[in-house]
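Sequence plus the predicted model coming up.
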Amino acid sequence: MKLSGLTFLVIVLLQIQPLPANAQVWPIKKHNSVEKATKDLETRQKKVNQGNAFNELQPMGTRKSLDRDDFIWSSETAFTVSEKTGNLSLVSPSRYGLKNGYEISSIVPINYWVPNIMVKKTHYNKKILVATRHGLYSASPGLKWAQTNNLQTIADTLTYIPFILTLRNEVIVSKYFGGDEGCSKTHPYLIITAAASVDAGFTFEKNQLKHIDEHILGSRSTALTGQGLLYSARLRADYQLPNEMLIEGGFKFFFGNFPGQFAMEHHAGLQNFVSKNISVTLGYILSMGSFSDTKIKIYPSFECTWYFGLKPTHSRGLFKKKMF
């Protein structure tokens, strides 16, 4: 009996084959608590249609912010605001996007003295932007107001003021730096803009107005008083700083039938965003020209702007136009 038992044990051992090196033994796999929690979360997300089936590394249910991000593009650049977006400003043009590539603007507070309206169209939209701006304005109400308030250097109290109409035509070219032509776009940090314009002022009646003998207004006297053509050229730079601030600055040159027939202005300002859609700009304007009181004069400048609307999703993106 002992021999037969020993013989049986030998036969059993001979039948057992060694396991391969990569074979699993019981238990098959041991899940730790983190893996189990992740697995359970993925299962629950699939049941309620959450999670990203296309990219597991990016969660579903979130989207990029639609807040405006085109603040560096001022009204004086060749950029037009997107459809149903714009801004309201105290001194610079307030704008509204009619549709992609078109905007309408007006310097709202001075409409009481100089009713004005302008339309800008972007014709070329690549690394360089090219736009034209056309407008109408009339200084007749302002000249009459100056007479009433005895401002002799602007309008003589004994001179009849006719109806004056001025046409404005301008070509604007902007070049930006810092943008990316690919799908993942970065915003420009510097924009250089050059522009040239012609303002034609005329009347339908006899005009005996004298040129305005004041800085700022005197540089534009030919167009404001309806006495012919005013030519101007300008160069501007807009630079974005950290901490939601922008620096702007530039030069304007005026040529026309006014005292000295040449004038220049230089301006600079620091724009600071007090909230995501409200900014305040502090700066100065330096005027140089042949006026009776002084050849050079400097003025402080202040601007407050409210931006409204949301940035576009695809309307200026992959399917139609580049963002910039």
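The structure has been received and is ready for your questions.

how far away is residue 223 from residue 83?
31 Å (Cβ to Cβ, to the nearest Å). No exception for glycine: its C-beta is placed from N, CA and C like everyone else's.

so where's the chain uncertain?
Scanning the chain for pLDDT under 70 picks out the ranges 1-34, 37-38, 41-42, 44-64, 179-186, 313-324.

tell me the helices in it, going along the chain?
2-15, 33-47, 140-148, 221-224 (DSSP state H).

more crowded one of residue 223 and residue 83?
residue 223 (28 against 18; other Cβ atoms under 10 Å).

if I pick that one, what's in contact with it?
139, 166, 168, 199, 200, 201, 230, 256 (Cβ atoms under 8 Å, 6 or more residues apart in numbering).

so how far does stretch 145-162 reach from one end to the other?
In stretch 145-162, first residue to last residue: 13 Å (Cα to Cα, to the nearest Å).

So in terms of bridging, what pairs with the nearest residue in space to residue 289 that is not next to it in sequence?
Spatially, and ignoring its direct neighbours in sequence, residue 289 is nearest to residue 263 (3.4 Å; Cβ to Cβ, 6 or more residues apart in numbering). When assigned by DSSP bridges, residue 263 has beta-bridge partners residue 254, residue 289.

wait, what's in contact with residue 263?
218, 219, 253, 254, 287, 288, 289, 290.

Could you tell me which of the residues you listed count as buried?
218, 219, 254, 287, 288, 289 (16 or more other Cβ atoms under 10 Å).

Redo the residues you listed as a markdown table? Include distance to residue 193.
Below are the buried ones among the contacts of residue 263 laid out as a markdown table (distance: Cβ to Cβ, whole Å):
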| residue | distance to residue 193 |
| --- | --- |
| 218 | 25 |
| 219 | 19 |
| 254 | 17 |
| 287 | 20 |
| 288 | 21 |
| 289 | 23 |
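
farthest-separated two in these?
Distance extremes for these: the farthest pair is 218 and 288 at 11.2 Å, using Cβ to Cβ.
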